[in-house]
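> below is the sequence, then the predicted model.
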Amino acid sequence: MNPAPFLLIAVVALLLAFALGGQSARGWLAGLLTGGGGLATAALGVLLDGSPWDWHARFALGGETVHLRLDAVSAMFLLLIAVIGAAGGVYSLTYWGNDEHPRSAGTGRRWWSALVLCMALVVNCTNGLHFLIAWELFALAAYPLVTLDRKNREARAAGWLYLAASHAGTLVLFVFFGALAAKTGSWELGDLRSRPEVAPLFWLAMFGFGVKAGLFPLYIWLPSAHANAPSHVSAIMSGVAIKMGIYGIVRFGGWLPVNTTQALSLIGLATLGTVLGIAFAHAQNDLKRLLAYCSVENVGIILIGVGAALLGQANGHPDWGRLALAGALLHVWNHGLFKSLLFLGSGSVLHATGTREMTQLGGLWRKMPWTASLFAFGSAAISALPPLNGFVSEWLIYQGLFRLGLSHAAGTWAALVAGIGLAVAGALALACFVKLCGVVFLGAPRTPVAAHAHECGTGMRRPMLVLAGVCLAVGLLPVLVRTPLEHAVAAWCLAGDATAFALPLAPLARAHLALGAALVVGAILLFRRIRGGVVRRLTWDCGYAAPAARMQYTSGALAGWTISWFRWALWPVKKWHRLDTTLPRDAAWEERTPETVLERIVQPVARALCWLGVQTRRTQHGRLQLYILYLVLGLLALTFMALGGGMK
Amino acid sequence: MTCLIETLLRLAAWLVVAPLLPGIINKVKAWVAGRKGPPVLQLYYDLARLWRKGVVQSTLASPGFIAGPVVGWIALLAAALLLPLGRHAVAPSFQGDVILLVYLLAVARFATAWAALETGSAFEGMGAAREVSFAVLAEAAVITAVLALAVQSDSLSLPAMLAPAGGTGALLLAAGLFIVLLAENCRVPFDDPNTHLELTMIHEVMVLDHSGPPLALILHGAAIKLLLFSVLLVEAVLPVGDLPALAGTGALVAGVLVVMVGVGLTESLLARAAFRQVPLMLTTAFLLCLFALLVAWRGAASPLPERPPPTVRLPGETTS
């Protein structure tokens, strides 16, 4: 099937949506859904068929012929863009509608379709120059969305940080693509594995794309941008936009001749990011910040898989890392799906209560049963619990790592370390999401706003149901994704290596189906057994007669152990106003975990640079005599240099 | 068909045998203390009684409070079914089933902690916080042990990993897994299964508000988990799968009994450790498993000719 007509329809529809977005919400939705449908059809066609689509235009842009290419790897990302773009767009109509946000709703719709279009362009461009243009457009299109809530000071600051970090990455990418073009003599991108002299450039790619992806420790923009953006924007940023960085690393990891050191560094950083990302997430009290840090963890998981594939390839055995790569690519989808679901769910909570602070919430399941169930479902999926989709991808990554470890080749011990790191992060993620669900949705409401919450409307519920349905389908029937994954892995490896690669998903599918059936039957039987015999009483609480909402374990208390274990990395800030006098007036206790990399490393360095700049400016004071002195001193120095050189 | 019958038989074995284990431990403890102790079948009586009772439930709890125990029970049972029992019981095994086993234990943990937080009680929040936090260290130890077994046997499916004898690092692995067994099953020195109102509880404090059939499922699930960990420990060390069927089963039963006596003796002779020592003990378990992994890695990394060939010693032959 030729995807070109569908892509063309999608581009036209998304451009129309961009034009219409400001005025007509219905017209915009029609354009967005048509565009999403077109992109998804094109991507599915390539994924199921396996043969890439290649198109050379007859015209040039910036002196270079336009060359678009959609192979199975880019199609995986394209499908994710289409699905989350459509689901988030539908959600935004209710969540950020004209009634509540008359000034920014139109802007939001416009840039939403622009963002979807630009990301689709990024995964299609196969010319370095055009890739950079698309990349920059994509980075810019996200900025108005992050700062949609312009009255909010924090949102503006987050948008600025996003823009600055993003451009730091883009700057490195300019160097990367420029150097690549200089070394190969062409802006055309493609397989360069036979040219070892371009290998060092992968470091640049790792940095440039790593900033966007949220590779540890380059993720500094991510928590505040994801937390302060409107929730549907957080969903697409976390679910899709950071995956563009992953796309870059996967893409150029496949095209460049990566050596063992680079592969090991990627695995090392990814493992560190996986464990510390989830430790930071666990220490947060802000619902959306927690989810944002969790993205750092999941990006780490994905990059562990990519790094394992690169390690196998650097050892000359690309077949060793195939399972890990398949797992990583599937985790790109899975994380996109359940993280968007969770961000949309947190949007419903925010919409209903007006706060992201978990200590203000509690007991929301009674007022918001749909949101609570969907959120619980997403939490189970992101904690990689079988039989849901998160487990399928992590299972593949584990197997890839263990296979690599068992091969005993150079550097494969790192795969075992990464495996242990993945297990630790998995257990921490479980702790983190138990805490999140427990504090927000279970127990008693901690404040009146939580007690008077309301369920979200169908316009917000439906996209979440769709995302949850896809998660469930991938979890129970992992064989559904086998063909696309096999094609993507084959497209990533050289065509010759990919012989007879079959993903062993069938036995897992059987186990998952059996487990799913057993869970449903077991729950039905137990509920039938106790039906009618349930007596409702106050929580027993060891006999205490008047339990209150404030006596519940809080978010900080649930994470206490983890915070204490990771104190060396988290640097939690504690403020303790003790009771010290005989007649004390008040006591207070505050504990929060700051964005350590940003506040302890990046900001001090930036401040030192500013200070240096100020010091340097003192030499510019406008006194003529001193300027003449500078001149004389300079001339004297030059004279001595010339004399010294002359005597030799 | 035989596969189905075999799986059903194994299911029945897990369901019926599991509640025996706490009874054995209690008998050992009573014997050490010079008491008569409760009957070995006490847990069966308790389960039967609980199953007939009604349910008292907190006003705050959602349906998840009832769903939690059943999800946890089924996850533990499914994890148990993945383990081979001796030579012939290997029905649903596949490459990577060991990872499924580890994550099924995580499902049970999620469900239990979820149900605990339903009640909004500080006690149960405390238990949940401890359970999910200590599990981080326990899971690191378990996955390291799994890696050691995988490196030893060059396989990722449980029957192949557990069939041969434990190899050179067996003692380290056994010690590490025994500590994890004590921690994950809430035995002394991590937790005291006898107390109900101590501030140092982990597991018991999470199930304070459960009653009736859900509580029966929780107790039965805990027994299955205990049996699961002891079977895993025994099979990791003894070549149960390589022995003939009858001898293998005999070795498995004897091994589990030894582990139970070990748990009983530990419980009788040791006091519960101070709470801040729990992470330290679990880290020790992790390190023991890590050393086992290193031993296995070195053994497997040496080129094949250097490995001593398997010697078969005939009766009467003398070593030179």
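In hand now; what should we look at? Numbers count the residues shown, from 1 in each chain, chains lettered A, B, ... in the order given.
> mean confidence (pLDDT) on stretch B:109-124, please.
Averaging pLDDT along stretch B:109-124 yields 92.
> do it and chain A meet?
Yes - using Cβ under 8 Å from any Cβ of the partner chain, stretch B:109-124 reaches chain A at B:109-110, B:113-114, B:117-123. (C-beta placed from N, C-alpha, C; glycine too.)
> what residues sit buried inside that stretch?
B:109-124 (16 or more other Cβ atoms under 10 Å in any protein chain shown).
> mind checking which of the residues you listed are in helices?
Among these, the residues falling in helices (DSSP state H) are B:109-117, B:122-124.
> which of the residues you listed lies closest to residue A:588?
Residue A:588 has its nearest neighbour among those in residue B:122, at 20.3 Å by Cβ to Cβ.
> separation between residue B:263 and chain A?
24 Å (Cβ to the nearest Cβ, to the nearest Å).
> one more: residue B:143?
4 Å.
> can you pull out the strands in chain B?
Secondary structure of chain B (DSSP state E): strands at B:55-58.
> mind listing what residue 284 touches?
Here I'm looking at chain A. A:290, A:293, A:555, A:593 (Cβ atoms under 8 Å, 6 or more residues apart in numbering or on different chains).
> ah, no, chain B please
Contacts of residue B:284 (Cβ under 8 Å, 6+ apart): residue B:179.
> which non-adjacent residue is nearest residue A:205?
residue A:252 (4.4 Å; Cβ to Cβ, 6 or more residues apart in numbering or on different chains).
> now do the buried residues in the helix or strand harbouring that neighbour.
Taking DSSP states H and E as the criterion, residue A:252 maps to helix A:242-255. By neighbour count with 16+ other Cβ under 10 Å, helix A:242-255 contains the buried residues A:242-255.
> hang on, the earlier thing: give me the buried subset of the contacts of residue A:284.
Using 16+ other Cβ under 10 Å as the burial test, those include A:290, A:293, A:555, A:593 as buried.
> tell me the two of the residues you listed that are most distant?
Pairwise across the buried ones among the contacts of residue A:284, and taking Cβ to Cβ, the largest span is found between A:293 and A:555, at 13.5 Å.
> tell me the SS of the residue of chain A found nearest chain B?
Of all residues in chain A, the one sitting closest to chain B is residue A:553 (2.5 Å; Cβ to the nearest Cβ). Secondary structure state of residue A:553, per DSSP: H, G, I helix; E, B strand; the rest coil, is coil.
> my guess is it meets residue B:132, correct?
No - at 11.7 Å, residue A:553 and residue B:132 do not qualify as touching, with contact defined as Cβ atoms under 8 Å.
> can you pull the contacts of the residue of chain A closest to chain B?
Here residue A:553 is in contact with A:438-439, B:117, B:122, B:125-126, B:128-129 (Cβ under 8 Å, 6+ apart).
> roughly how far apart are it and residue B:76?
Here the criterion is Cβ to Cβ, to the nearest Å. By it, residue A:553 lies 25 Å from residue B:76.
> would you mind measuring from residue A:378 to residue A:390?
Following Cβ to Cβ, the distance that separates residue A:378 from residue A:390 is 9 Å.
> so what sits against both of the two?
Counting by Cβ under 8 Å, 6+ apart, the contacts common to residue A:378 and residue A:390 are residue A:338.
> okay, now the domains of chain A?
A:258-494+A:511-524, A:620-648 (automatic domain parsing).
> mean pLDDT lowest for which of those?
Of all the domains of chain A, domain A:620-648 has the smallest average pLDDT, which comes to a mean of 87.
> please compute how far it lies from its chain's middle.
54 Å (Cα atoms, centre = their mean, to the nearest Å).
> which one is the residue of chain B found nearest chain A nearest to, not counting chain neighbours?
Residue nearest to chain A within chain B: residue B:125 (2.5 Å; Cβ to the nearest Cβ). Using Cβ to Cβ, 6+ apart and skipping the chain neighbours, the partner closest in space to residue B:125 is residue A:553 (2.5 Å).
> and the one you found, how far from residue B:35?
From residue A:553 to residue B:35 the distance is 37 Å (Cβ to Cβ).
> and residue 69, how many neighbours?
No chain in the question, so chain A it is. Residue A:69: 17 surrounding residues under other Cβ atoms under 10 Å in any protein chain shown.
> wait, chain B
Neighbourhood size, residue B:69 [other Cβ under 10 Å]: 26.
> show the contacting residues for it.
A:526, B:111-112, B:115, B:210, B:214-215, B:217-218, B:221.
> returning to that earlier point: I'd like to know which of the buried ones among the contacts of residue A:284 is nearest to residue A:136.
Of the buried ones among the contacts of residue A:284, the one sitting nearest to residue A:136 (Cβ to Cβ) turns out to be residue A:293, at 27.0 Å.
> how about the closest one, secondary structure?
Strictly by three-state DSSP, residue A:293 counts as helix.
> ok, now how distant is the closest residue to it other than its chain neighbours from residue A:111?
Take residue A:293 and drop its neighbours on the chain: the residue closest to it by Cβ to Cβ, 6+ apart is residue A:281, 3.6 Å away. Residue A:281 is 28 Å from residue A:111, where distance means Cβ to Cβ.
> pick out whichever of these two has more residues nearby.
residue A:281 (28 against 22).
> so the more buried one sits against residue A:297, correct?
Yes - look at residue A:281 against residue A:297 with Cβ under 8 Å: they come within range, at 6.5 Å.
> what do these two both touch?
residue A:429.
> determine the longest strand present in chain A.
Criterion DSSP E: the longest strand present in chain A is strand A:53-61.
> against which helices or strands is that one packed?
strand A:64-70, helix A:128-146 (3 or more Cβ pairs under 8 Å, 6 or more residues apart in numbering or on different chains; DSSP states H and E).
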